[in-house]
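Novice: this one's sequence-less:
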């Protein structure tokens, strides 16, 4: 397991704040992964499914992150939906925590989780980026 986080054109201080004690490297291109991310932004909304991921976290978060990867582009779930599909319908707050602690935010699509009633809710990179991603995917 690699202890470093590799970022593509990202702000290293943001990652340091998210994962204290982890080293980060700023790179311009990671073969295959960079191409799949570019394909996503070019309109192939399923391209990110080709990226395998693994991140550290508690068992419920693991289940929530796995469940999030099943949300189709252009669709959303509520935090309640996520909790239920992660194995504990009562764990709505834990579902929110899993979203907040998700280190692979685009590939593990926590931007597809919204509040009951349709309000967008929070997003670590700001609600405007969440709105843009959901618009890009055809939800908004």
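Specialist: Perfect, thanks for sending it. Bear in mind the structure is a predicted one, so any value in this text is a computation, not a measurement.

Novice: List the residues that contact the residue nearest the centre of the chain.
Specialist: The chain has residue 105 as the residue nearest its centroid, 2.5 Å off, counting by C-alpha atoms, centre = their mean. By C-beta atoms under 8 Å, 6 or more residues apart in numbering, the residues touching residue 105 are 111, 123, 124, 125. All C-beta spots, glycine's among them, are computed from the backbone N, C-alpha and C.

Novice: How confident is the prediction for the residue of the chain positioned farthest from its centre, by pLDDT?
Specialist: Relative to the centre of the chain, the most outlying C-alpha is that of residue 90, 21.7 Å out, by C-alpha atoms, centre = their mean. Note on residue 90: pLDDT of 97.

Novice: ditto for the one 4 residues further on
Specialist: The predicted structure scores residue 94 at 97 on the pLDDT scale.

Novice: So it versus residue 48, what's the distance?
Specialist: Residue 94 is 24 Å from residue 48, where distance means C-beta to C-beta, to the nearest Å.

Novice: quick one: contacts of stretch 63-83?
Specialist: 45-46, 49, 53, 55, 57, 85-87, 89-92, 94-96, 98-99, 102, 104, 107-110, 112-116, 121, 134, 137-139.

Novice: now the helices for the chain?
Specialist: Using DSSP state H, the helices of the chain run over 12-18, 33-41, 59-68, 79-85, 92-100, 127-136.

Novice: Residue 26: which of the ones you listed is closest?
Specialist: Taking C-beta to C-beta, helix 12-18 is the member of these nearest to residue 26, at 5.8 Å.

Novice: picking up where we left off before, could you dump the helices of the chain into a markdown table with mean neighbour count and distance to residue 26 added?
Specialist: Formatted as a markdown table, those follow (neighbours: other C-beta atoms under 10 Å; distance: least, C-beta to C-beta, whole Å):
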| stretch | mean neighbour count | distance to residue 26 |
| --- | --- | --- |
| helix 12-18 | 13 | 6 |
| helix 33-41 | 15 | 13 |
| helix 59-68 | 20 | 24 |
| helix 79-85 | 20 | 31 |
| helix 92-100 | 19 | 23 |
| helix 127-136 | 16 | 19 |
